[in-house]
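Undergrad: Show me how the following folds:
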Amino acid sequence: MGPTALGSPFVDNIVLTGFMGTGKTSVGRELGTRLRMEFVDTDEIIESRHGPIDRIFAEHGEQAFRRFERDVASELGQRKGLVIATGGRMLLDPVNLDDLTRNGRVFCLVATPEEAHRRITTDEIGSERPLLGGDDPQRRIAELMAERSDGYSRFPQIDTDHRDVATVADEIVRLWLAAETA
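TA: Numbers count the residues shown, from 1 in each chain. Predicted coordinates for the structure are as follows:
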């Protein structure tokens, strides 16, 4: 195998999972830059192919969106040298998990429901998140986090509350390199 990121023989992808608003895209971009690896965001890939996620949900339903996720996971699972930010529920699907762990090491970014809500409502697409409809989005966030906690707990947990992107990236790099050299 030839050299990849950092001139080393590492071939594993770094896969970031976790609930929306935990920092997957921001941390993923930082990791990609830092490790000289290509950064990809599965939601951005889906949107580039099929349009905005809220429109996909409205016009075609959640099942269509989940099919698009499977297609992207299958494609990315065949590549190496990537930092992949996944949609919040993507790795709870066993097919997607199998595809993305074929060449990838998964890290789960976590935040409290309050912090995730704060981040979601201040980001550019916060109002366009189809799973957070209703009168009390923060309560909905807490419910969804509780539903997904068993799935997320299978992966190393990286707390992002009150931590900057660089600090979170430092922790992931340390864990990734330790696993690669073990």
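Undergrad: contacts, neighbours, all on C-alpha from now
TA: Will do.
Undergrad: can you pull out the strands in the protein?
TA: Along the chain, counting by DSSP state E, strands occupy 13-18, 38-41, 82-85, 104-110, 157-159.
Undergrad: what's in contact with the worst-scoring helix or strand of the chain on mean pLDDT?
TA: In the chain, the helix or strand scored least confidently by mean pLDDT, DSSP states H and E is helix 113-122, which has a mean of 83. With contacts defined as C-alpha atoms under 8 Å, 6 or more residues apart in numbering, helix 113-122 is touched by Phe19, Met20, Gly21, Thr22, Gly126, Ser127, Pro137, Gln138, Ile141, Ala142, Met145, Asp161.
Undergrad: For Leu31, state which of these is nearest.
TA: Distance ranking of those against Leu31, using C-alpha to C-alpha, places Thr22 first at 15.0 Å.
Undergrad: So what does that closest one look like in phi/psi?
TA: phi -90, psi -10 (degrees, to the nearest 10).
Undergrad: burial of it, as a residue count?
TA: Neighbour count of Thr22, defined by other C-alpha atoms under 10 Å: 26.
Undergrad: is it true that it touches Phe107?
TA: No - applying C-alpha atoms under 8 Å as the test, Thr22 and Phe107 come out as separate, 11.7 Å apart.
Undergrad: Give me the mean pLDDT for stretch 162-181.
TA: In this model, stretch 162-181 has a mean pLDDT of 90.
Undergrad: send the alpha carbons of it over as CSV?
TA: Presented in CSV, the C-alpha positions along stretch 162-181 are these (Å, rounded to 0.1, in the frame of the first residue of the first chain):
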residue,chain,number,x,y,z
HIS,A,162,-18.1,24.0,25.6
ARG,A,163,-15.1,22.8,23.5
ASP,A,164,-13.8,24.4,20.4
VAL,A,165,-13.4,22.6,17.1
ALA,A,166,-9.6,22.4,17.4
THR,A,167,-9.7,20.7,20.8
VAL,A,168,-12.3,18.1,19.6
ALA,A,169,-10.2,17.5,16.5
ASP,A,170,-7.1,17.0,18.7
GLU,A,171,-8.8,14.3,20.7
ILE,A,172,-10.0,12.4,17.6
VAL,A,173,-6.6,12.6,16.0
ARG,A,174,-5.0,11.2,19.2
LEU,A,175,-7.5,8.3,19.4
TRP,A,176,-7.3,7.6,15.6
LEU,A,177,-3.5,7.5,15.6
ALA,A,178,-3.4,5.4,18.8
ALA,A,179,-5.8,2.8,17.2
GLU,A,180,-3.8,2.8,13.9
THR,A,181,-0.5,2.1,15.7
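Undergrad: Begin at 8, not 1, for the rest of this chat.
TA: In the new numbering, first residue 8, that becomes stretch 169-188.
Undergrad: which residues touch it?
TA: Outside stretch 169-188, the residues touching it (C-alpha under 8 Å, 6+ apart) are Phe17, Ile21, Gly30, Ser33, Val34, Glu37, Leu38, Arg112, Phe114, Ile165, Asp166, Thr167.
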